[in-house]
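>>> okay, here's the prediction I keep looking at, along with the sequence it came from:
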Amino acid sequence: MIKRDIQKKLDEALRIAKQNYSIQSGIEIASNPAFGDYATNLAFLLAKELKSSPKNIAEKICEELSKIPQIDVSFKAINGFINISLSQDFLWEKACHLLNNPLRFNASQEPILLEYVSANPTGPLHIGHGRWAVLGSALANLLRFVGMKVNTEFYINDSGNQIRLFYETIQAIQDKRPIPEGGYHGQYMTELAQAALDPLESNILQQKKILGQIDVSFDLWYSEKSLHESGKAQVILDLLKEKNASYTEEGALWFKSSDYGDEKDRVLIKADGHMTYFLVDLAYHYDKVVSRGYTRLINIWGADHHGYVPRVRAGLIALCGVIYKEPHHFKVMIGQLVNLLRNGEPVRMSKRTGDMITLEEVIEDIGKDATRYFLIEKNPDSHIEFDLELAKKNTMENPVYYIQYAYARMCSILSKVTAPASESLSMELCPEERALLLANIRFEDEVWEAAELLSPYRVAHYAVSLARTFHSFYEKCSLIQAPPDVQGNRIVMLKLTQKTLGHCFDILGISAPTKM
RNA sequence: GUGCUUGUAGCUCAGUUGGAUAGAGCAACGGACUUCUAAUCCGUAGGUCGCAGGUUCGACUCCUGCCAGGCACACCA
């Protein structure tokens, strides 16, 4: 990774210049290309210790560094920052290496379980589910891309009150009786009541199909009912009793979750003798950790469930140990809801179900790529507005086409040239060429940081930025009309950019068109 | 009422453990197609970072209070 490489160069230069400091500084991308390619705030961090201004310190360090024979990078002090510029040869060498070798990351191999969507099987998926689905699948792609071990799972809530009501509703429709109190309304229920299959099965199949349309799939669909049948829920009761973490009150059995960070205690067995959803969910999480050995759990839940997080965490701490207090071991990503708009106006009603517009309708309307892109693009913490008309536009308002067009352009050019690629650099790089190489070289850091922060949206932003850099390069640097040696070098640049952008598409789960 | 979350340009959003003049895109305005795809590029303009204090060499970033929107506060799932 380039930042690490630069850090090494800096450390090496400091050592040669006999400027050893204990303070660890960071390497960041220079805020302005005029300053350099990268920068470090080392001088700011040293200011207190050396009792001098960052400006003076940076200048002094750079003066020392300028005395040593240079090692691929050069240093320049401006405003207290030490700016770092990569030599052309170093940049080129790195680019060729990236083109010819697969990326390697030193990722932890601890097993990760990513659970997402887990929508109730009693109704259609809506756009919010779509957001969590796309986020989860892109996150899985991202973590796997950097070499982490991830399994994905959909927890099917196929048991309990809701399911009972669901079947009662189906029965009522079949018997042409009114829908029971608290039952399910909507056109889709009538369709399910007429289906040949079991209505619940039928609805789950439908969910699988729709998620499949946007390339969202799971390693395992885990049934809640199976936890009842296997007696795994009962095991939890025994364990909590052993740990003296449960008690009986007012006819119900309670978990002392308030001892483990929850705001109050929670019911495990209701006074009517039924298990709560919460108890079974604890069994599910216990199963993930203890039976199946996952030490890192990531769940993606809708914002309407965020209040549920502390009690599950409490359960994990009680049952599996205090490490689950740490977000690294148990992380719940809260996806905010989505407002659907059409030409700036809110759309709520669905033609088919008479309810909220469904995910299926959105996908039909705007297609897989746009659905995925618009739902991944934004930080999941933000409440987003999703404009259906905007997502369909083939204009600059739609970044999906912008990045895909860049890719198609590269493919088109490469299909036209016959000259071989040349890795021996024969020219002085112009600013556009340099910017393109730098953008490619940044990818490793970007994707790694995105993985660490569980933020696939960063990859989407990076892709747009790389596409922009490429489009500028395209305007300025013709390939076909260039002299043969320059052409050979530019082919390397194009192939590398094509490869990098291709990685982005793979992670985002968006198609990479060779022509548009 | 309590908790979580959001508030940055007209709009949609970035802003990396606190660092350089707060950045992009769209929309607006002005330019560039006999050209490897103009689904593109180049330029101009646009800001009291919700408000008020505090912490320090330095705050969009951290702390406190307030304002506004969203969500949640079940022996439902």
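It's in.
>>> in chain A, where's the longest helix?
helix A:484-508 (DSSP state H).
>>> now that one: buried residues?
A:486-498, A:500-501, A:503-505, A:507-508 (16 or more other Cβ atoms under 10 Å). (Glycine included, C-beta is placed from N, CA and C.)
>>> same check on stretch A:471-483?
Neighbour counts over stretch A:471-483 (16+ other Cβ under 10 Å) mark A:473, A:474, A:477, A:479, A:482 as buried.
>>> what's the closest of these to RNA strand B?
residue A:479 (3.5 Å; Cβ to the nearest atom of the strand).
>>> what about the stretch 201-350 of chain A, any weak spots by pLDDT?
Across the stretch 201-350 of chain A, the ranges flagged by pLDDT under 70 are A:343-345, A:348-350.
>>> how about the residues of it near RNA strand B?
Residues of the stretch 201-350 of chain A lying close to RNA strand B (Cβ under 7 Å from any atom of the strand) are A:224, A:249-252, A:267, A:270-272, A:274, A:276-278, A:303-308, A:334, A:336-337.
>>> which of the residues you listed count as buried?
A:224, A:267, A:276, A:278, A:334, A:336.
>>> run through the bridge partners of the second one.
Each beta-bridge partner of residue A:267 is listed here: residue A:254, as defined by DSSP bridges.
>>> verify the stated contact: it with residue A:252.
Yes: using Cβ atoms under 8 Å, residue A:267 is in contact with residue A:252, at 5.0 Å.
>>> which phi and psi does residue A:272 have?
Torsion angles at residue A:272 (phi, psi; degrees, to the nearest 10) stand at phi -80, psi 0.
>>> now do the one 4 residues further on
Here the main-chain torsion angles of residue A:276 (degrees, to the nearest 10) amount to phi -80, psi 160.
>>> all strands of the stretch 301-450 of chain A, in order?
A:330-335, A:338-342, A:345-346, A:384-387 (DSSP state E, counting those that start in this stretch).
>>> can you list the strands that the longest one pairs with?
The reference is to strand A:330-335. The strands beside strand A:330-335 in its sheet (DSSP bridges) come out as strand A:296-302 (parallel).
>>> check the second one too.
With DSSP bridges as the criterion, the sheet partners recorded for strand A:338-342 are strand A:345-346 (antiparallel), strand A:384-387 (parallel).
>>> OK, contacts around the nearest residue to residue A:71 once chain neighbours are set aside?
The shortest distance from residue A:71 to any non-neighbouring residue, by Cβ to Cβ, 6 or more residues apart in numbering, is to residue A:9 (6.0 Å). Residues counted as contacts of residue A:9 (Cβ atoms under 8 Å, 6 or more residues apart in numbering) are A:71, A:72, A:73, A:84.
>>> neighbours around the third one, how many?
If I follow you right, that is residue A:73. A count of nearby residues for residue A:73, using other Cβ atoms under 10 Å, gives 21.
>>> not counting residues beside it along the chain, what's closest to it?
residue A:9 (4.8 Å).
>>> helix or strand right after the helix or strand encompassing the one you found?
Per DSSP states H and E, residue A:9 falls inside helix A:2-16. Remark: after helix A:2-16, the chain's next helix or strand is strand A:27-29, criterion DSSP H and E.
>>> outside of stretch A:40-47 itself, which residues are in contact with it?
Under Cβ under 8 Å, 6+ apart, the answer for stretch A:40-47 is A:10, A:21, A:23, A:25-28, A:53-55, A:57-58, A:61, A:77, A:80-82, A:84.
>>> now do 6 Å
A:23, A:25, A:27, A:54, A:57, A:58, A:80, A:82 (Cβ atoms under 6 Å, 6 or more residues apart in numbering).
>>> now the spatially closest residue to the second one that is not a sequence neighbour: how far from residue A:463?
For residue A:25, ignoring the flanking residues on the chain, the nearest one in space by Cβ to Cβ, 6+ apart is residue A:42 at 3.8 Å. Going from residue A:42 to residue A:463 by Cβ to Cβ, to the nearest Å gives 31 Å.
>>> neighbour count: these two, which is higher?
Ranked by neighbour count (other Cβ under 10 Å), residue A:42 and residue A:463 place residue A:463 first, with 29 against 24.
>>> could you report the distance from that one to residue A:451?
Going from residue A:463 to residue A:451 by Cβ to Cβ gives 15 Å.
>>> ok, back up a step: near RNA strand B too, which of the buried residues of stretch A:471-483?
Among these, the residues that sit close to RNA strand B (Cβ under 7 Å from any atom of the strand) are A:474, A:477, A:479.
>>> now render the contacts of residue A:9 as TSV, adding secondary structure and distance to RNA strand B.
Below are the contacts of residue A:9 laid out as TSV (DSSP: H, G, I helix; E, B strand; the rest coil; distance: Cβ to the nearest atom of the strand, whole Å):
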residue	secondary structure	distance to RNA strand B
A:71	coil	20
A:72	coil	19
A:73	strand	14
A:84	strand	9
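>>> among these, who's most crowded?
Among those, residue A:84 has the most neighbours (other Cβ under 10 Å), with 23 neighbours.
>>> which ones are touching the residue nearest in space to the middle of chain A?
Centroid-nearest residue in chain A, with Cα atoms, centre = their mean: residue A:456, separated by 2.9 Å. Listed by Cβ under 6 Å, 6+ apart, the contact partners of residue A:456 are A:138, A:139, A:142, A:376.
>>> redo that, cut-off 10 Å
By Cβ atoms under 10 Å, 6 or more residues apart in numbering, the contact list for residue A:456 reads A:134-143, A:376-377, A:380, A:447, A:450, A:507-509.
>>> near RNA strand B, which of those show up?
Okay, of these, nothing touches RNA strand B (Cβ under 7 Å from any atom of the strand).
>>> the ones next to RNA strand B among the buried residues of stretch A:471-483 in strands, which ones?
Using DSSP state E, no member of those falls within strands.
>>> in a markdown table: those residues, plus distance to residue A:429.
Shown next, in a markdown table, are these (distance: Cβ to Cβ, whole Å):
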| residue | distance to residue A:429 |
| --- | --- |
| A:474 | 16 |
| A:477 | 10 |
| A:479 | 15 |
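>>> can you tell me which of these are in helices?
Using DSSP H, those in helices are residue A:474.
>>> circling back: can you pick out the most distant pair from the buried ones among the residues of the stretch 201-350 of chain A next to RNA strand B?
A:267 and A:336 (28.6 Å; Cβ to Cβ).
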